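Undergrad: Sequence first, then the predicted structure, then my questions.
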Amino acid sequence: MESRINELKTKTSERLKEVKKKSGLISILRLISFVGGIPFLIAGISDKNGMYIFAGAYLLITFLFLIYVHAVFKNMITHDETYIEVLDRYLKRLDGSWMNESDNGSDLIKQEDVLATDIDLLGKASLFQYISIAHTPKGRRKLADSISLKTDNLSDRKRRYEAITELSKADEFRYEFETRTIRNKGLLEAPEVSGEKFPGWMYPLMLLVPVINIITVIAFICYGANPGIILASFVAGLAITWIPKGKLDSLSAPVYIYGKSAGDFYEILNEIHKTEFKSEILSGLKSSVDGHKGMLKAVKDMQRIGDLAAISFNPIIHMLLAGFIGWDYYLARRTVTWTAKNKDIFIHCENLIADFEELGSLSVISALRETCEPVITEDESIVFEDLYHPLINREKVVANSGTLSERITVITGSNMSGKTTFMRTIAVNAVLAYVGAGVAAKEFKLPVMKLFTSMRITDDVSEGISTFYAEILRIKKAADYVESGSEPPALCLIDEIFKGTNSADRIVGATEAVKKLSSGRCMVILTTHDFELCDIKSADGQPADNYHFEEHYQNDEILFDYKMKSGRCTTRNAIALLKMAGIVKN
């Protein structure tokens, strides 16, 4: 895959160089046509020379045409630069430098999102940061809500897996789709347009401006009238056009909201329209592009209006068009006509694009890594083969296999041996399974469970809550859920249980807390350095399953294999780590 991405990047870079050369040439020709056209036109009007007037008009018309051509080239340059940026993002995912990407979804984290922060679903070095190809506001929120399990996708999991798997194989569709959406990230989700009607009193004014200018030009050419009347009629046209400018701008609001990005909207929709999808969800989304009130045509019409509006962004050109033909009236009239038919089209576009962004983002892991379809079982156990953490570099990640079937699983091990990473591996792959994505494993079977985590605990000075008490509140929330008998059963993941207090209180507290959690339908997985907790039992007397991670030493260096092994840990490495840090000398 890496070679294909680099091949596309090289091809696009070469094309970009050529387009930039052509764009520079067009800029020079545009300047020449404008600088040459104005003197010819002034001389022709002053000397009443028809040839000069024709030459000046021809050069100025050429200037207007070159403005359009330059805009086309500029659009091509922006597209190719953005396309290369998208390809670079995939290369960063492959080489492990993706953690420097600016959008990590941290702005979407709410205070109560402990799951999202505990297992790195949102924020720095998160699942969101790794997989997101979502750039629109709605798309980013939809993805964040999905992977934070705020959206219930379980009932649609099979259909979603088919769609996500299909997108994982459609690499160039994803690249092109993201290229178009990334250019609109600040322009989408605009406010709904009002749909005002075009006032009847504007029609006479709209016609008056070009009529008085045509009359003065005829009077000058045919009857030798003073050329000053052309200037006078031009100024009158400006006044007629700009006096009601506030109202005209209000009527033209949709083109200023959507016109600039309508071209990319159209390209996104057209890319969907021309792509053949097999999965039910993607085929349904495509049919909405083809069928919803002529969505594709409506967006194309807005693109044309936007192109017309773009011409007037040049203040000199805008002044000429406004004074001679009452340009703003015609732009407003055409916008109002479009709005009357298509008022809600872009709202539907945004929702559809957000759906593709979410599903496309979830497909990134399967596009880049080895994944499998998870199996949701009725059996209350977790079975996994070659399960690994999808965010760890593919050259360094270590996979584990095993079965977790007891009410309580205690994982011991020395510092830095991989205990916490293993718990996060279970959790993040469970999230992927529940949202319909592929999971990072050769095989992964698990029941539907509600996830509770107690990992990254911090105190709250403003509320007077210590780290220890904050952890108690976390565990209490899980215990209350278990006690309520709610469905589905709970999966409670606790890292270094009650590490914020002394060892004696920790052992007593952990024993009582786990007993409470295991009194109902709940699977508890906890890590600890307290070997006494290896003998912990559930509320009904069932002993805990014990697993451990360990280290070994080579040439006075501590090494880890990050492999989960049966039984409890028998080694410690605190002194060895202190020696490595230079704190302990002997």
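TA: Arrived safely, thanks for sending. Keep in mind it's a predicted model, so treat the numbers as computed, not measured.
Undergrad: who are the neighbours in contact with the most centrally placed residue in the chain?
TA: The centroid of the chain falls nearest to Ala134 when counting by Cα atoms, centre = their mean (1.5 Å). Ala134 makes contact with Arg140, Lys142, Leu143, Thr181, Ala354, Glu357, Glu358, Gly360, Ser361, according to Cβ atoms under 8 Å, 6 or more residues apart in numbering. (Glycine included, C-beta is placed from N, CA and C.)
Undergrad: From those, which one has the minimum pLDDT?
TA: pLDDT is lowest at Thr181 among the contacts of Ala134; the value there is 88.
Undergrad: Looks to me like that one is in a helix.
TA: Yes: under DSSP: H, G, I helix; E, B strand; the rest coil, Thr181 sits within a helix.
Undergrad: What is the burial count for the spatially closest residue to it that is not a sequence neighbour?
TA: Distances taken as Cβ to Cβ, 6 or more residues apart in numbering place His135 nearest to Thr181, at 4.8 Å, with adjacent residues excluded. Applying other Cβ atoms under 10 Å, we find 19 residues neighbouring His135.
Undergrad: can you give me the end-to-end distance of stretch 381-395?
TA: 30 Å (Cα to Cα, to the nearest Å).
Undergrad: From the contacts of Ala134, which land in helices?
TA: Arg140, Lys142, Leu143, Thr181, Ala354, Glu357, Glu358, Gly360, Ser361 (DSSP state H).
Undergrad: residue contacts, the last one?
TA: For Ser361, the contacting residues are Ile131, Ser132, Ile133, Ala134, Leu143, taking Cβ under 8 Å, 6+ apart as the criterion.
Undergrad: Do a quick rundown of the helices in the stretch 401-550 of the chain.
TA: 419-435, 467-484, 503-517 (DSSP state H, counting those that start in this stretch).
Undergrad: again with the stretch 251-400 of the chain
TA: Using DSSP H, counting those that start in this stretch, the helices of the stretch 251-400 of the chain run over residues 253-274, 280-291, 295-311, 315-325, 327-342, 345-362, 364-368.
Undergrad: Compare those helices and report which one is nearest to Asn6.
TA: helix 364-368 (14.6 Å; Cβ to Cβ).
Undergrad: looking just at contacts, which helices and strands does the closest one meet?
TA: helix 50-95, helix 127-131, helix 157-169, helix 171-182 (3 or more Cβ pairs under 8 Å, 6 or more residues apart in numbering; DSSP states H and E).
Undergrad: Pull the residues that contact that helix.
TA: 1, 90, 93-94, 130-131, 133, 164-165, 168-169, 171, 174, 371, 390, 394, 432, 437-438, 440.
Undergrad: just to revisit the earlier point, relative to Ile131, how far out is the nearest residue to the residue nearest to the centre of the chain once chain neighbours are set aside?
TA: Of all residues not flanking Ala134 in the chain, Glu357 sits nearest, at 3.8 Å (Cβ to Cβ, 6+ apart). Distance of Glu357 to Ile131, computed by Cβ to Cβ, to the nearest Å: 11 Å.
Undergrad: picking up where we left off before, looks like the residue nearest to Ala134 contacts Leu143 (just checking).
TA: Yes: using Cβ atoms under 8 Å, Glu357 makes contact with Leu143 at a distance of 6.6 Å.
Undergrad: More neighbours: which of those two?
TA: Using other Cβ under 10 Å as the criterion, Glu357 and Leu143 rank with Leu143 on top: 28 against 23.
Undergrad: Contacts only, for the more buried one.
TA: For Leu143, the contacting residues are Gly105, Phe128, Ile131, Ser132, Ala134, Glu357, Glu358, Ser361, Leu362, by Cβ under 8 Å, 6+ apart.
Undergrad: Tally up the residues packed near the third one, please.
TA: Counted with other Cβ under 10 Å, the burial measure for Ile131 works out to 24 neighbours.
Undergrad: who are the neighbours in contact with it?
TA: Here Ile131 is in contact with Leu143, Ser361, Leu362, Val364, Ile365 (criterion: Cβ under 8 Å, 6+ apart).
Undergrad: redo that, cut-off 10 Å
TA: Contacts for Ile131 were tallied using Cβ atoms under 10 Å, 6 or more residues apart in numbering; they are 93, 98, 143, 147, 360-365, 367-368, 390-391, 432, 437.
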